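In: Have a look; sequence and predicted model below, questions after that.
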Amino acid sequence: MIIIGRHQESVDIMEKEGDLLVDRARAVAAGEIMSRELRMILSPAGEQLRRLRRAARTYLQAKAAESYAPIQMDAARDVITDILDNPKGHQAAANRYAASVILRVTYG
């Protein structure tokens, strides 16, 4: 581990050597075998991560995110109903909300 005591020097190093410093630990089971390196969060730095980020950028921009509001409102109504019907199942309802929004945004 190296500790750099001055802000400007650390910024200079990060700007100059950023590609060498940015990477994730290798996740063989989760990253390579199970997801075939197609999960952005598990992808190592490099061309594959750049392609994944480029593909996701279209759907994560502010203008695109605004169009997801009706989908989120529909799912929010469902999750509130689920929680009111079964308060003890609030965690499952929250998980279903997240999955529902993601699937509807992704697949329509």
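Out: Happy to help now that I have it. In this text the structure is predicted, and so the values were computed from the model without any measurement. Residues are numbered from 1 along each chain as shown.
In: What's the first helix or strand after the helix or strand hosting residue 65?
Out: Per DSSP states H and E: residue 65 is located in helix 62-66. Following helix 62-66 in sequence order, the next helix or strand is helix 69-85 (DSSP H and E).
In: shaky segments in the protein?
Out: 1, 18-33, 35-42 (pLDDT under 70).
In: do that again at 80, thanks
Out: 1-4, 14-46, 48-49, 55, 58-60, 108 (pLDDT under 80).
In: Which positions in stretch 93-101 come out as buried?
Out: 93, 97, 100-101 (16 or more other Cβ atoms under 10 Å). C-betas here are computed from N, CA, C, even on glycine.
In: ditto for stretch 73-81
Out: By neighbour count on 16+ other Cβ under 10 Å, the buried set for stretch 73-81 is 75, 79.
In: any idea how far it is from the chain center?
Out: Centroid displacement of stretch 73-81 relative to its chain, using Cα atoms, centre = their mean, to the nearest Å, is 22 Å.
In: swap in stretch 50-70?
Out: 11 Å.
In: what about that stretch, start to end distance?
Out: Taking Cα to Cα, to the nearest Å, stretch 50-70 runs 30 Å from one end to the other.
In: Can we start the residue count at 12 from this point?
Out: That works, and once the first residue is 12, the last one we named lands at stretch 61-81.
In: which residues in this structure form helices?
Out: Ranges of helices within the chain are 18-32, 58-71, 73-77, 80-96, 101-118, based on DSSP state H.
In: what comes into contact with the first one?
Out: If you take Cβ atoms under 8 Å, 6 or more residues apart in numbering as the criterion, helix 18-32 is touched by 15, 56.
In: Equivalent analysis for the shortest one, please.
Out: Residues outside helix 73-77 that contact it (Cβ under 8 Å, 6+ apart) are residue 69.
In: Can I get that helix as CSV, trimmed to CA atoms?
Out: Extracted in CSV, the C-alpha atoms of helix 73-77 (Å, rounded to 0.1, in the frame of the first residue of the first chain):
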residue,chain,number,x,y,z
ALA,A,73,-31.4,11.5,-17.5
LYS,A,74,-33.8,11.8,-20.4
ALA,A,75,-34.2,8.0,-20.6
ALA,A,76,-34.6,7.8,-16.9
GLU,A,77,-37.5,10.2,-17.0
